[in-house]
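Undergrad: fold the following and give me the result.
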Amino acid sequence: MKIAVLTDSSAYLTKDQQEKDHIDVLPIPIIWGNKTYRDMVDIGYEEFYKKLSNEKELPTTSQPSPGDLQKKIEQYIEQGYTDVIVITLSSGISSYYSTVQSIAKDENRIKIHPFDSKITCAGEADYAMLAGHLVEAGADIDLIMHDLADLQKTMDVRFMVDDLSHLKRTGRLSNAATFVGSLFKIKPILSMDVQDQGKISAIAKERQTKRAYRHVQSDFDNLTKNMPYKIQCTIFDSLAPDKKKEWIEDYSAKFPKYKFDESIIGPVVGVHVGQGTMSMIWCRDLDDYFDENDKPIEGINSEEVVDKA
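TA: Residues are numbered from 1 along each chain as shown. All right, here's what the predicted structure looks like:
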């Protein structure tokens, strides 16, 4: 059994992360006027947000090219892979998962295992890194798919956006109608139903940034403090590095038993949330899936997060 791990660029894995866990990445196209840019290939992180603030015409996104996916599958077959795990961004905001399912159904030379992350960005990256690490540690495909589903039970997310106009424009906000009218001076707080359909919804709104921050931190505390496993959290931003630094320092001080990492909201997700968004995604610590000798632990059944927001 030879297993490959493939995800898309909205996971925003660093080159080091990709190389460490042998993860392949397909770029997602960004359509801007009559030009198409491949996420983090033809347009980078800072370049994108600079262009977003200066251009009158706003971009949209597509899914990774089915042709590119098929080409990658052909490469895996030539290299002798028996299985490929394809971790996609949420089916609640993209049709890519359905595309992978369709290709998997018609392919009999290699077993394609689609996994719907029901999330994006750092959450999608967590699945990819867990899968890659499990492959390296010698886990079989059944254990890997079991552990990905288990990790999903433990995952949750909060976003603080400056405004909802981008999400409304691109149709990615499931309950946009409840936030009609002016949102001037309102700080919306968003989440994704990771254990359900993976859709984005606005769950609360505050009048001040400080109140919104305290709201998010209170949610995080309440949703993690009684969990019987270690927690890891990634804090990430759409070009708000000072805010990100403040968040990481504050959370690390207030929750010293948890592990905190950082990432970014790159171009393809930035299309939908705009600049200045702050986000955090947390889940069971990935190290919990391995013993002290870095061998995969079988039969893990994590307590599921119950987010009633």
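Undergrad: from here on, contacts and neighbour counts on C-alpha atoms
TA: OK.
Undergrad: against K254, how distant is D221?
TA: Between D221 and K254 the distance is 10 Å, computed by C-alpha to C-alpha, to the nearest Å.
Undergrad: same thing with Y49?
TA: Distance from Y49 to K254, by C-alpha to C-alpha: 31 Å.
Undergrad: L239 too?
TA: 24 Å.
Undergrad: more neighbours: which of these two?
TA: Neighbour comparison, L239 and K254: the larger count goes to L239, with 22 against 12 (by other C-alpha atoms under 10 Å).
Undergrad: how about the secondary structure of the more buried one?
TA: Put simply, L239 is coil when judged by DSSP: H, G, I helix; E, B strand; the rest coil.
Undergrad: same question for P228.
TA: P228 - assigned by three-state DSSP - is coil.
Undergrad: using the three-state scheme, assign the closest residue to it other than its chain neighbours.
TA: Nearest residue to P228, sequence neighbours excluded (C-alpha to C-alpha, 6 or more residues apart in numbering): E303, at 7.5 Å. Assigned by three-state DSSP, the conformation of E303 is coil.
Undergrad: residues in contact with E303?
TA: The contact partners of E303, taken as C-alpha atoms under 8 Å, 6 or more residues apart in numbering, are 153-154, 227-228.
Undergrad: same question for D126.
TA: If you count contacts by C-alpha under 8 Å, 6+ apart, D126 has them with L286.
Undergrad: what about the one helix or strand it maps to, distance to the chain center?
TA: If you go by DSSP states H and E, D126 is part of helix 121-136. Its chain's average C-alpha position is 11 Å from that of helix 121-136, according to C-alpha atoms, centre = their mean, to the nearest Å.
Undergrad: how many residues are close by E246?
TA: E246 has 11 neighbours, counted by other C-alpha under 10 Å.
Undergrad: you'd agree it is in a helix?
TA: Yes: with three-state DSSP as the criterion, E246 is part of a helix.
Undergrad: quick one: it and K225, what's the gap?
TA: Counting by C-alpha to C-alpha, the gap between E246 and K225 amounts to 22 Å.
Undergrad: before we move on, what about D307?
TA: Counting by C-alpha to C-alpha, the gap from D307 to K225 is 13 Å.
Undergrad: more crowded one of these two?
TA: Between D307 and K225, counted using other C-alpha under 10 Å, the more crowded position is D307 (15 against 12).
Undergrad: okay, and the more buried one sits in which element?
TA: D307 is located outside every helix and strand, with elements delineated by DSSP H and E.
Undergrad: distance of it from E206?
TA: D307 is 19 Å from E206, by C-alpha to C-alpha.
Undergrad: now Y45
TA: Computed with C-alpha to C-alpha, the distance linking Y45 and E206 is 28 Å.
Undergrad: likewise D196?
TA: To E206, D196 is 26 Å away according to C-alpha to C-alpha.
Undergrad: between those two, which one's more packed in?
TA: Just comparing D196 and E206: by other C-alpha under 10 Å the higher neighbour count belongs to E206, 16 against 10.
Undergrad: can you read off the backbone torsions of that one?
TA: With angles defined as degrees, to the nearest 10, E206 sits at phi -130, psi 160.
Undergrad: pLDDT below threshold where in the stretch 51-200 of the chain?
TA: 163-185 (pLDDT under 70).
Undergrad: can you tell me the closest non-neighbouring residue to Q275?
TA: Going by C-alpha to C-alpha, 6+ apart, Q275 has S238 as its nearest residue, at 5.1 Å.
Undergrad: measure that neighbour to T88 for me?
TA: Counting by C-alpha to C-alpha - S238 and T88 are separated by 21 Å.
Undergrad: can you check L6 too?
TA: The gap separating L6 from T88 is 9 Å, by C-alpha to C-alpha.
Undergrad: which of the two has more residues huddled nearby?
TA: For the pair L6 and T88, the greater number of neighbours falls to T88 (30 against 23), based on other C-alpha under 10 Å.
Undergrad: is it true that that one touches T7?
TA: Yes: judged on C-alpha atoms under 8 Å, T88 makes contact with T7 at a distance of 5.9 Å.
Undergrad: quick revisit: with respect to K15, which of the contacts of E303 is nearest?
TA: Lowest distance from K15 to the contacts of E303 (C-alpha to C-alpha) belongs to T154, with 26.0 Å.
Undergrad: quick one: contacts of the helix or strand H215 falls within?
TA: Using DSSP H and E, H215 sits within helix 209-224. For helix 209-224, contacts defined as C-alpha under 8 Å, 6+ apart pick out 158, 160, 187-189, 205-206, 231, 305-307.
Undergrad: now it: buried residues?
TA: Going by neighbour count (16 or more other C-alpha atoms under 10 Å), the buried part of helix 209-224 is 209, 212-213, 215-217, 220, 223-224.
Undergrad: need the residues you listed in JSON lines (columns: pLDDT and distance to Y127).
TA: Output for the buried residues of helix 209-224, formatted as JSON lines (pLDDT from 0 to 100; distance: C-alpha to C-alpha, whole Å):
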{"residue": "T209", "pLDDT": "88", "distance to Y127": "31"}
{"residue": "A212", "pLDDT": "92", "distance to Y127": "28"}
{"residue": "Y213", "pLDDT": "95", "distance to Y127": "27"}
{"residue": "H215", "pLDDT": "96", "distance to Y127": "27"}
{"residue": "V216", "pLDDT": "97", "distance to Y127": "23"}
{"residue": "Q217", "pLDDT": "98", "distance to Y127": "24"}
{"residue": "F220", "pLDDT": "98", "distance to Y127": "20"}
{"residue": "L223", "pLDDT": "97", "distance to Y127": "20"}
{"residue": "T224", "pLDDT": "98", "distance to Y127": "19"}
